[in-house]
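S.K.: pasting the structure only:
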């Protein structure tokens, strides 16, 4: 048998593929000439000797013929290798690779060479160049590169934004610790049970210093105490020297009335065209018949340090009259008004201030001593006041369009068996106060390990109750630690104001979605999502 002759029959699968390829080529030629495949077969049969060249013997151009011959030689090598006895004995599986016709080149087509039926068949080269293995020469079409997967951690969601609160109502009571106001043994069931069922109770909320006035000033300005303000300012005088520290914007010196450059929450609101008012009970009952911004003569003693018969107003319960920035213009006379103005202002939302500061007089703030003989004392005196004012606020149009009620005490008792001077939340060492060593014993449940609570340096644990459509009814926040500076910073955040004084301390805790915890339509917690994605950032 000659060299290159096939031994034995082709495998059935190879034979079928070859027949199919030949039939496909016949169909392609028939489509090009307009004849059927049967016509081509008949034409070939009519000329078995090859005298008349049928269409299925159409000769291609020399270049195409050369390419075809090289391809056939390569194909023969593959078939011979696949069907040889060594290959079959080795269990080699034959594979035929088919590729789509190459796309035409983008350049201008070359002029076609015409041929006639009489054209001679081009000679096959005597020696064809060596054909490399098809496995080596076959090139698969380049696959499109997949879009690279994003590298790095996923983007964090947008920062949490405060709820759309439009009206804040702050009610500040007298000297009451948390257990006295909200504990199970409280003598004020409306404050301790009924109202918490309507809102959220912040259990770990603290006053920031000793003295009612000092805490109230901190709540509206972020200023630390002076010796005089811790004593409720018996002498109504300016703070001297009154220099303002650049780092913390604290007024340094002693006295009660802060210089005009001291920033306040009312001043911030006014600068943004937002309104404020202080509704102070009893402001118009004094002998001088003042109807607003009632205060002693600057430089003299304060005769309203204690309630008088028929006049339960106390100046130190009204922190707005201790700032020259409010006293020297019309701000105090227009914004610091009698409590009786609250009812007409609540009739319309546009007449209700953005921030309302509500101050009960000595007969209703829960003082341990009665304001007059025969009047109730302690938290029992608070109940009628709250039962009137809270439902009135909740029924107002302003509350319904986005209201928030905050109820707390100025400080915890600082004398007696329940005295509590504890503090929390990065409470600073105030520059105007002497350093006081911590007491050897304390009756409070404080610890320096949780929430930054210290046994001294503050005004004690007082608690804060929030009532709003944006908080969950009947909820209790036990994890967070807050104080009066926190409340100021949180009110500023609601109205997109920059925190001032100690409220600007980066370590100060501000209300977030853990406080504004009312159920929403969106599932999941933004805080949990940010924490999870933040963890992915840290490990990514």
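M.R.: Thanks, I have the structure now. Model, not experiment: these values are computed from the prediction.

S.K.: Any idea how many residues pack against residue 469?
M.R.: Residue 469: 17 surrounding residues under other C-beta atoms under 10 Å. Backbone N, C-alpha and C define where each C-beta goes, glycine included.

S.K.: Provide a list of residues in contact with it.
M.R.: Listed by C-beta atoms under 8 Å, 6 or more residues apart in numbering, the contact set of residue 469 reads 402, 403, 518.

S.K.: 6 Å instead, please
M.R.: Residues near residue 469 by C-beta atoms under 6 Å, 6 or more residues apart in numbering: none.

S.K.: if I read this right, residue 190 contacts residue 385, doesn't it?
M.R.: No. Taking contacts as C-beta atoms under 6 Å, residue 190 lies outside contact range of residue 385: 10.0 Å.

S.K.: quick one: which of the two has more around it?
M.R.: Just comparing residue 190 and residue 385: by other C-beta under 10 Å the higher neighbour count belongs to residue 385, 20 against 15.

S.K.: What score does that one have for pLDDT?
M.R.: pLDDT recorded at residue 385 is 96.

S.K.: Which residue, neighbours along the chain excluded, lies closest to it?
M.R.: Spatially, and ignoring its direct neighbours in sequence, residue 385 is nearest to residue 364 (3.9 Å; C-beta to C-beta, 6 or more residues apart in numbering).

S.K.: Okay, strands next: where are they in this structure?
M.R.: For the chain, the strands defined by DSSP state E cover 167-175, 200-202, 205-206, 235-236, 240-244, 251-254, 276-280, 300-301, 336-338, 355-359, 403-411, 464-467, 475-477, 482-483.

S.K.: right, so of those, which gets closest to residue 435?
M.R.: strand 251-254 (15.4 Å; C-beta to C-beta).

S.K.: can you list contacts of stretch 171-180?
M.R.: Contacts of stretch 171-180 (C-beta under 6 Å, 6+ apart): 358, 365-367, 407, 409-413, 418, 420, 460-463.

S.K.: An error on my part: the question was meant for stretch 308-316.
M.R.: Contact partners of stretch 308-316, identified using C-beta under 6 Å, 6+ apart, comprise 213, 232-233, 282-283, 285-286, 295, 302, 304, 361-363, 371.

S.K.: what's the span of it from first residue to last?
M.R.: Distance across stretch 308-316, first residue to last, is 14 Å (C-alpha to C-alpha, to the nearest Å).

S.K.: Quick one: mean pLDDT over that stretch.
M.R.: Rounded mean pLDDT across stretch 308-316 is 93.

S.K.: and that stretch, which residues are buried?
M.R.: Residues of stretch 308-316 classed as buried by neighbour count (16 or more other C-beta atoms under 10 Å): 308, 311, 312, 313, 314, 315, 316.

S.K.: what do you get for stretch 267-284?
M.R.: For stretch 267-284, burial by neighbour count (16+ other C-beta under 10 Å) applies to 267-270, 274-284.

S.K.: Next, give me the two most distant ones among the contacts of stretch 171-180.
M.R.: Spanning the widest gap among the contacts of stretch 171-180 are 358 and 418, at 25.2 Å by C-beta to C-beta.

S.K.: the more surrounded of these two?
M.R.: Remark: of residue 358 and residue 418, residue 358 carries more neighbours, 23 against 16, as counted by other C-beta under 10 Å.

S.K.: From what I see, the more buried one and residue 277 are in contact.
M.R.: No. Assessed by C-beta under 6 Å, residue 358 is found out of contact with residue 277, at 9.3 Å.
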